[in-house]
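Colleague: 3D model of this:
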Amino acid sequence: MRHLFLFLKGMLMGAADLVPGVSGGTIALITGIYKELLESINSFSWNTLKHIRKKGLTDVWKKLNGFFLLTVFSGIITSILLLSQILEWFINNEPIGLWSFFFGLLIASIVYLIKTDLSLNISSILYLCLGAVFSFLSTQFHGTGEDFSLWYLFISGFIGISAMILPGLSGAYILLVMGVYQTILSNVRQAQELLFDFNQAKLFAVASVLGVFTFGMICGIKVFSKILTWLLKLYPKQIMAVLIGLMIGALHKVWPWQKEIIIDSSSIIEKTIAVFPSSFEGGDPQIIKALILMFLGFKILFVIECTKSIQKK
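Modeller: The predicted model follows:
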């Protein structure tokens, strides 16, 4: 039963990582697997693997928490492969509904974490504000471009993976800022199409892009997980306050009603800003639908909490 729940949590993380403005790290935090995920990733090293000859594969597998990592990452990969086209469709065709759901989920997550993990003192409030300001400023940049060198894709993967371990800091949004989001999403879709319509030249092109990007992710997750594990051991209360602040600072990017700011004399969207439904210029604001989906997103946190209590029994 535990592995089934871990797989589903991995799928939720994968779905969140696909959406700009939402963090897979947030899902890991609210589902109770955040610290175990960091520690498990951090234990995966060349020195540990070298002990296979002496201690055997079974002993090393347990030390790496192999079943946990395999189950969670299987869920993440499955979700990305199955949901990439669906989420791309929702982003393009039902943006208000999609963002409303994630906004409700993020609000519930913040309220829950403030109640359970935030110490109400001046120091924690200052660290929370620091995280919120950093997260807000990180969403003020924008990226453009279509063709990228392999080294740039590596750097994008290295930085973008921070979403998996930094709640509130969306890796998908970082990729959007760096200008590679559509490129990666498009290549994931093309990889799926190759299963039914094989083309050698297309395979090489897709494998080059996704291979280099994935290698960057692997390197990045090792670096970020090691740093965060170290910080959480030394300064647990301060780091939790910063992580909650990161989530608060990202709220405006998940707000369903956004106004597009367009560069003068061009059709390029420079950035978007959150506005009231009455100031929304993208057609029908769909307020009733948005409120219903916000409520569903808010309530789903309690469903996730129930799964945690079921696993403890």
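
Colleague: Next, please give the residue ranges for the helices of the stretch 151-300 of the chain.
Modeller: 162-165, 171-178, 181-194, 200-234, 236-249, 251-254, 287-312 (DSSP state H, counting those that start in this stretch).

Colleague: Mean neighbour count, the ones you listed: which tops it?
Modeller: helix 162-165 (a mean of 26; mean count of other Cβ atoms under 10 Å). Any C-beta I mention is one placed from the backbone N, CA and C, and that applies to glycine too.

Colleague: circling back: out of the helices of the stretch 151-300 of the chain, which comes closest to Phe101?
Modeller: Smallest distance to Phe101 across the helices of the stretch 151-300 of the chain (Cβ to Cβ): 4.2 Å, for helix 287-312.

Colleague: need the helices of the stretch 151-300 of the chain in JSON lines with distance to Phe5, can you?
Modeller: Putting those into JSON lines (distance: least, Cβ to Cβ, whole Å) gives the following:
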{"stretch": "helix 162-165", "distance to Phe5": "18"}
{"stretch": "helix 171-178", "distance to Phe5": "23"}
{"stretch": "helix 181-194", "distance to Phe5": "26"}
{"stretch": "helix 200-234", "distance to Phe5": "22"}
{"stretch": "helix 236-249", "distance to Phe5": "22"}
{"stretch": "helix 251-254", "distance to Phe5": "25"}
{"stretch": "helix 287-312", "distance to Phe5": "5"}
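
Colleague: among the ones you listed, which is nearest Leu105?
Modeller: Across the helices of the stretch 151-300 of the chain, closest to Leu105 is helix 287-312 (Cβ to Cβ), at 3.9 Å.

Colleague: still on that earlier bit, so which of the helices of the stretch 151-300 of the chain comes closest to Pro277?
Modeller: Closest among the helices of the stretch 151-300 of the chain, using Cβ to Cβ: helix 287-312, at 5.4 Å.

Colleague: for that closest one, what is the average pLDDT?
Modeller: Average pLDDT, helix 287-312: 76.

Colleague: Number the residues from 24 up from this point.
Modeller: Taking 24 as the first residue, the last one we looked at is helix 310-335.

Colleague: what does stretch 253-272 contact?
Modeller: For stretch 253-272, contacts defined as Cβ atoms under 8 Å, 6 or more residues apart in numbering pick out 46, 48-49, 52, 58, 61, 129, 132-133, 136-137, 140-142, 146-148, 150-162, 189-192, 251.

Colleague: I meant to write stretch 100-107 there.
Modeller: With Cβ under 8 Å, 6+ apart, stretch 100-107 has contacts from 30, 33-38, 40-41, 208, 211-212, 215.

Colleague: quick one: average confidence on it?
Modeller: pLDDT averaged over stretch 100-107 gives 82.

Colleague: pull the CA atoms of that stretch into PDB?
Modeller: Only the C-alpha atoms of stretch 100-107 are listed here, as PDB (Å, rounded to 0.1, in the frame of the first residue of the first chain):
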ATOM      1  CA  ILE A 100       8.200  10.000 -15.100                       C
ATOM      2  CA  THR A 101       4.900   8.200 -15.700                       C
ATOM      3  CA  SER A 102       3.100  11.500 -15.000                       C
ATOM      4  CA  ILE A 103       5.300  13.500 -17.400                       C
ATOM      5  CA  LEU A 104       4.800  11.000 -20.200                       C
ATOM      6  CA  LEU A 105       1.100  10.600 -19.700                       C
ATOM      7  CA  LEU A 106       0.100  14.200 -18.800                       C
ATOM      8  CA  SER A 107       2.400  16.400 -20.900                       C
END
